[in-house]
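>>> return a 3D structure for these sequence lines:
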Amino acid sequence: MTREVFEIRDQDGAGRIGELTVPRAGVTVETPALLPVVNPHVRTVEPARLESEFGAEILITNSYILYGSDDFREDALDQGLHDLLDFSGAIMTDSGSFQLAEYGEIDVTTAEILQFQHDVGSDIGTPVDIPTPPDAPREQAESELATTRERLAVAEDVDVGDMLVNAPVQGSTYADLRERAASDAYATSLDVFPVGAVVPLMNEYRYADMVDVVAAAKRGLGVDAPVHLFGAGHPMMFALAVAMGCDLFDSAAYALYARDDRYLTVRGTEHLEDLDYLPCSCPVCAEHTPDELRACEDRERERLLAEHNLHVTFEELRTVKQALRSGNLLELVENRARAHPAMLDGYRALCDHADQLELSDPTVKGSFFYLSGESAARPEVVRHHERLARLDPTGEVLLTEGNPSDNFDESWRVVPPFGPFPRALSETYPLTAETPERMDTRGYRAAARGVARLVAENRDCEFTLAHHAWPASALALVPDAVRVVDLSEEH
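This is a model prediction of the structure:
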């Protein structure tokens, strides 16, 4: 099934810049996009300002709160969400699944809440799925997934006109269930695919598990499926999630954290009471000191902190987009991963899925910067090792970090982390990589695996590896049939 609502413009890793067409709103939303959560009862920053001052093209509000509210239900039906919230962009509505997860029961069906979302003018609606928490018993996850699948079938039968409908992907922390759920959701006629029930993972800093969940969901979805990471709105994890292939993010973090005097940065969250300086140049931080913010009345301080949190969040999303457009998204992910050990776990998990990322990663980019041992596991390295199987050297072949030699039939370069390649390819991406003089062990080991791959595919050749003091752990990966010469011992 081809989904005409989503078009991909640029890619890097599994990340993409795309256009999500939202017919009912009459707008096209550029992704990756943040959907600020707007609580109908408490508007810390007015939706009109989210649009005019922060550049929000889409937001999300909870239709179940409206559905059960004497104050807002009739107003929403009479005015429609766009007039009620004073927002001209696209509006997504949640169904009450969050309340179901928190309180165990809600008094509305999928058909009823989708019809209500349609009637109040929602542009993207959501059925009542069951968000199975991480580490739930498998039997529970399978049972609740079956219920979610039934409700997606119900959602297909509700006449919602040109309102797009979410098809949430559940399955707890079971990769096979997530992949199956995604495949089943993609087979429906629904439009957007939120990966659900990941907030507990993020709250517990289990970013590696989050990456594994998203990777499993992506395996079950087509490349044209827009993916929403439900509840993910902290700027520190945008680069990682985008690189994994997520297109939409929503969170009330900007407002909830402000209520608790918490100040967002791309490296984490700070408490206002702990700050002597404001490490940001947004309008709020440029015009206030920490002491001045602390001296504000509660509501004013909450508003100002929420505005700062929004500024830093949208700025990071723009940073991610530019990195993606420039072809160095993975370098940004690696940089951000150093902000917290759990983020580093997440990046390493991302590298564990390099084979999957390689399927969509562009074959040519502007540059490759080797920043740490994790760079040795990037999809560009994986792709190079796969391509070694296609090359066909003959006779006696020198693989060297040094100068070519006339004593061999062929003389190839060997450069960590990629390993061997014909000299004619030296100026092609990614072999033009910027690498450190003091290469780490993982880079050498990756190069040695490249040597092993070339040798395995060309058993009629005789190979000599001339290296400069490679570590023993890397040399142990070089096949015994290869003659090994340490060039550093010749001087």
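>>> hmm, what's the outermost residue in this protein?
For the chain, the largest distance from the centre (C-alpha atoms, centre = their mean) belongs to Asn407, which lies 49.7 Å off.
>>> residues in contact with it?
Counting by C-beta atoms under 8 Å, 6 or more residues apart in numbering, Asn407 touches Leu398. Heads up, the C-betas are built off the backbone N, CA and C, glycines and all.
>>> cool, the one 5 residues further on as well?
The contact partners of Trp412, by C-beta under 8 Å, 6+ apart, come to 393, 397-400, 420-423.
>>> now those: which count as buried?
Buried subset of the contacts of Trp412 (neighbour count, 16 or more other C-beta atoms under 10 Å): 393, 397-400, 420-421.
>>> list just the nearest of those to Gln115.
Phe421 (60.2 Å; C-beta to C-beta).
>>> one step back: in three-state terms, label the residue farthest from the centre of the chain for me.
Put simply, Asn407 is coil when judged by DSSP: H, G, I helix; E, B strand; the rest coil.
>>> per-residue confidence at it?
pLDDT for Asn407: 91.
>>> and for Ala377, the neighbour number?
18 (other C-beta atoms under 10 Å).
>>> please name the nearest non-neighbouring residue to it.
Among residues not flanking Ala377 along the chain, Cys351 sits closest, at 3.7 Å (C-beta to C-beta, 6 or more residues apart in numbering).
>>> could you do Gly233 as well?
Per C-beta to C-beta, 6+ apart, closest to Gly233 is Ser251, 1.9 Å.
>>> and that neighbour, how far is that from Leu34?
8 Å (C-beta to C-beta, to the nearest Å).
>>> okay, those two: which has more neighbours?
Neighbours per residue (other C-beta under 10 Å) separate Ser251 from Leu34, with Leu34 holding more: 28 against 24.
>>> need the contact list for the nearest residue to Pro168 once chain neighbours are set aside.
The shortest distance from Pro168 to any non-neighbouring residue, by C-beta to C-beta, 6+ apart, is to Asp129 (4.1 Å). For Asp129, the contact set (C-beta under 8 Å, 6+ apart) comprises 95, 97, 148, 151-152, 168, 170, 196.
>>> next SSE downstream of the helix or strand in which Leu398 is found?
Secondary-structure element containing Leu398, defined by DSSP states H and E: strand 396-400. In the C-terminal direction, the helix or strand that comes right after strand 396-400 (DSSP H and E) is strand 410-415.
>>> pLDDT weak spots in this protein?
Where the chain drops to pLDDT under 70, the residues are 1-3, 97-105, 490-491.
>>> and whichever helix in it runs longest, how far out from the chain middle?
As assigned by DSSP state H, the longest helix anywhere in the chain is helix 298-326. In terms of C-alpha atoms, centre = their mean, to the nearest Å, the gap separating the centre of helix 298-326 from the centre of its chain is 17 Å.
>>> next: stretch 382-393.
The answer for stretch 382-393 is 29 Å, by C-alpha atoms, centre = their mean.
>>> and if you look at stretch 241-251?
4 Å.
>>> can you give me the end-to-end span of that stretch?
Terminal residues of stretch 241-251 lie 14 Å apart, using C-alpha to C-alpha, to the nearest Å.
>>> same thing with stretch 276-284?
15 Å.
>>> pull out the buried positions in that stretch.
Of all the residues in stretch 276-284, those buried under the rule 16+ other C-beta under 10 Å are 278, 280, 282, 284.
>>> a markdown table please, covering these and showing distance to Asp75.
Listed next are the buried residues of stretch 276-284 as a markdown table, based on distance: C-beta to C-beta, whole Å:
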| residue | distance to Asp75 |
| --- | --- |
| Leu278 | 38 |
| Cys280 | 37 |
| Cys282 | 33 |
| Val284 | 31 |
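>>> from the residues you listed, which land in helices?
Val284.
>>> tell me which of the buried residues of stretch 276-284 is nearest to Met163?
Cys282 (34.8 Å).
>>> the closest one: what's it in contact with?
Residues near Cys282 by C-beta under 8 Å, 6+ apart: 307-308, 311-312, 315.
>>> neighbour-wise, which of these leads?
His308 (25 neighbours).
>>> surely that one and Asp261 touch.
No: the pair His308 and Asp261 does not pass the contact test of C-beta atoms under 8 Å, sitting 11.5 Å apart.
>>> residues near Arg390, how many?
7.
>>> helix, strand, or coil at it?
Once three-state DSSP is applied, Arg390 turns out coil.
>>> how close does it sit to Arg423?
With C-beta to C-beta as the criterion, Arg390 and Arg423 are 17 Å apart.
>>> try Thr21
Taking C-beta to C-beta, one finds Thr21 at 48 Å from Arg423.
>>> what does Arg206 give?
Relative to Arg423, and taking C-beta to C-beta, Arg206 is found at 45 Å.
>>> for Pro168, same thing?
Separation of Pro168 from Arg423 (C-beta to C-beta): 52 Å.
>>> phi and psi next, for Val158.
Dihedral pair for Val158: phi -80, psi 130, per degrees, to the nearest 10.
>>> going forward, begin numbering at 50 instead of 1
Got it, first residue is 50 now, which makes that one Val207.
>>> excluding its backbone neighbours, what's nearest it?
The nearest residue in space to Val207 (C-beta to C-beta, 6+ apart) is Leu163, at 4.6 Å.
>>> quickly find the element holding that neighbour.
Leu163 belongs to helix 159-168, assigned by DSSP H and E.
>>> so for that helix, what gets flagged as buried?
So, applying 16+ other C-beta under 10 Å, buried residues of helix 159-168: 159, 162-163, 165-167.
>>> helices and strands around the helix or strand following that helix, which ones?
Toward the C-terminus, helix 159-168 is succeeded by strand 173-174 as the next helix or strand (DSSP H and E). For strand 173-174, the elements it packs on are strand 139-143, helix 159-168, strand 213-214, judged by 3 or more C-beta pairs under 8 Å, 6 or more residues apart in numbering; DSSP states H and E.
>>> relative to Pro217, how far out is Val157?
16 Å.
>>> between these two, who's got more neighbours?
Applying other C-beta under 10 Å to Val157 and Pro217 shows that Pro217 carries more neighbours, namely 26 against 18.
>>> you'd agree that one is up against Thr237?
No: in terms of C-beta under 8 Å, Pro217 does not count as a neighbour of Thr237; the distance is 11.2 Å.
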